[in-house]
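Asker: 3D model of this:
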Amino acid sequence: MSNFSFHEFNRSAFGTSERVRMASSLEGYVDQIVNVITNDGRNIVGVLKGYDQCINIILEDCHERVFAPDSGVEQVVLGLYIIRGDNVYVPPPVAPPFSILPFFVYV
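Answerer: Here you go, the predicted structure:
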C-alpha cells in the first residue's frame, strides 16, 4: 500500500483537458447559488461570480457549512471568497450502473 494522498489522486485523476472542459461547463452557473466542496472537505455555498480555465472560483455572499455531531450545522459567513482551482474537489467518474443516476455538479 502506497502513501497516495487524496489530493494527489484528485489531481492525477483529471488531467488538464478534463479541467478545461469542466471550467467551460461552469458558464451556466454564473450568478447562481453553488455548493463548492474543497479537497480538504470544506463545504462552501455562495453565488458564483466568476471562474477561469484553471477552475479558480469567485463566490459572493458565501458561507461555509460546518457539520458537527454535537451542534448540527453551523454557518460561518465568509462574504466574498476566492477558491483556488486545485482546491476544488472533482469527483471521479462512477462506473455503471451508478452512472445512470442524475448527475450532481460539484463546483
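Asker: got any ranges where the protein has weak pLDDT?
Answerer: Low-confidence segments of the chain, defined by pLDDT under 70: 1-20, 92-107.
Asker: Let me see the ranges of the helices in it.
Answerer: Using DSSP state H, the helices of the chain run over 6-13, 16-25.
Asker: phi, psi of Cys54?
Answerer: Phi and psi for Cys54, reported as degrees, to the nearest 10, are phi -90, psi 10.
Asker: Leaving out the residues flanking it, which one is nearest to it?
Answerer: Sequence neighbours aside, Gly85 is the residue nearest to Cys54 in space, at 4.0 Å (criterion: Cβ to Cβ, 6 or more residues apart in numbering). Glycine gets a C-beta too; all of them are placed from N, C-alpha and C.
Asker: just checking, the one you found touches Ile55?
Answerer: Yes. Using Cβ atoms under 8 Å, Gly85 is in contact with Ile55, at 3.6 Å.
Asker: okay, those two: which has more neighbours?
Answerer: Using other Cβ atoms under 10 Å, the more surrounded residue of Gly85 and Ile55 is Ile55, with 21 against 16.
Asker: thinking the more buried one is in contact with Met22, fair?
Answerer: Yes. With contacts counted by Cβ under 8 Å, Ile55 reaches Met22, the gap being 6.4 Å.
Asker: So in terms of bridging, what pairs with the nearest residue to Asn43 once chain neighbours are set aside?
Answerer: Nearest non-adjacent residue to Asn43, counting by Cβ to Cβ, 6+ apart: Arg65, 4.4 Å away. Bridge pairing for Arg65 (DSSP bridges) gives the partners Asn43, Gln75.
Asker: distance of Arg65 from Arg21?
Answerer: Distance of Arg65 to Arg21, given as Cβ to Cβ, to the nearest Å: 28 Å.
Asker: which of those two has more neighbours?
Answerer: Neighbours per residue, other Cβ under 10 Å: of Arg65 and Arg21, the larger number sits with Arg65, 13 against 10.
Asker: Excluding sequence neighbours, find me the nearest residue to Val45.
Answerer: Per Cβ to Cβ, 6+ apart, closest to Val45 is Asn35, 5.2 Å.
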